[in-house]
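# build the 3D model from these lines:
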Amino acid sequence: NRSTFGHFEIDTVIGSAYGKHECLLTITERKTKYEMIFKISSKTSENVVNKINQIKIFMKNHYNKIFKSYSTDNGSEFSDFLGIISDSKTSIYFCHPYCSGEKGTNEKQNSMIRYFIPKKTLIENYSFEDINKITNWMNNYPRKSLNYKTPLEALLEEFDDKSTINKIYKLQEKVNC
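Numbers count the residues shown, from 1 in each chain. Okay, the predicted model is just below:
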């Protein structure tokens, strides 16, 4: 019911379905719609686990306070779910097959990414700066479902602790390079 912060939907966005290419790992917080987008070198479980581990290293003590659960589809890139949740208190949930609506917030966010990166466009054509600009635009776009607040404004209302907010805000930039 989106009453508590910390429950995330996670997915990948590919550019080309042919060959091994870079892709995006998208992580969306359900309550605030706060979006994080990270480039990974290919759509493999190893790359997903490595990126999640980079997030854990950067977030340190804040990780367990912020990342309570992940909801994802049954894609092969999430097959190493034990690697994703290792060394954390984070739970992971899988959608039913062919029911992407069970993580609809993330699917909607992914469709917004397609305004900037059309299908069949290689992710390699976009720099880390480009990806960070897209994420910044999405997090500063007012949403009717948030009473016309932006996801960033909704995030700021969740925490009194400025160090936690600072860690979340810097996460995109620091891990996405």
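# how close does Met59 get to Ile14?
Distance of Met59 to Ile14, computed by CB to CB, to the nearest Å: 26 Å. Any C-beta I mention is one placed from the backbone N, CA and C, and that applies to glycine too.
# who's more crowded, these two?
Neighbour count, other CB atoms under 10 Å: between Met59 and Ile14, Met59 has more, with 21 against 17.
# kindly check the end-to-end length of stretch 36-46 for me.
End-to-end distance for stretch 36-46: 19 Å, by CA to CA, to the nearest Å.
# which parts of it are buried?
The neighbour-count check on stretch 36-46 (16 or more other CB atoms under 10 Å) flags Met36, Ile37, Phe38, Lys39, Ile40, Lys43, Thr44, Ser45 as buried.
# how about the strands in the protein?
Under the criterion DSSP state E, the chain contains strands at 7-14, 23-29, 35-40, 69-72, 91-94.
# if we take the buried residues of stretch 36-46, which one ends up nearest to Glu157?
Nearest to Glu157 among the buried residues of stretch 36-46, counting by CB to CB, is Met36 at 18.1 Å.
# the closest residue to that closest one other than its chain neighbours and Leu122, how far apart?
Using CB to CB, 6 or more residues apart in numbering and skipping residues adjacent in sequence, the residue nearest Met36 is Ile27, 4.4 Å away. Distance, Ile27 to Leu122, using CB to CB: 22 Å.
# count of residues packed around Ser111?
Neighbour tally, Ser111, other CB under 10 Å: 10.
# quick one: closest of the strands of the chain to Ala154.
Across those, Ala154 has its closest neighbour in strand 23-29 (8.8 Å, CB to CB).
# parallel or antiparallel, list what pairs with the closest one.
strand 7-14 (antiparallel), strand 35-40 (antiparallel) (DSSP bridges).
# now do the contacts for the residue nearest in space to the middle of the chain.
For the chain, the residue nearest the mean C-alpha position is Ile27 (1.2 Å; CA atoms, centre = their mean). Residues near Ile27 by CB atoms under 8 Å, 6 or more residues apart in numbering: Phe8, Glu9, Ile10, Glu35, Met36, Ile37, Phe38, Tyr70, Asn106.
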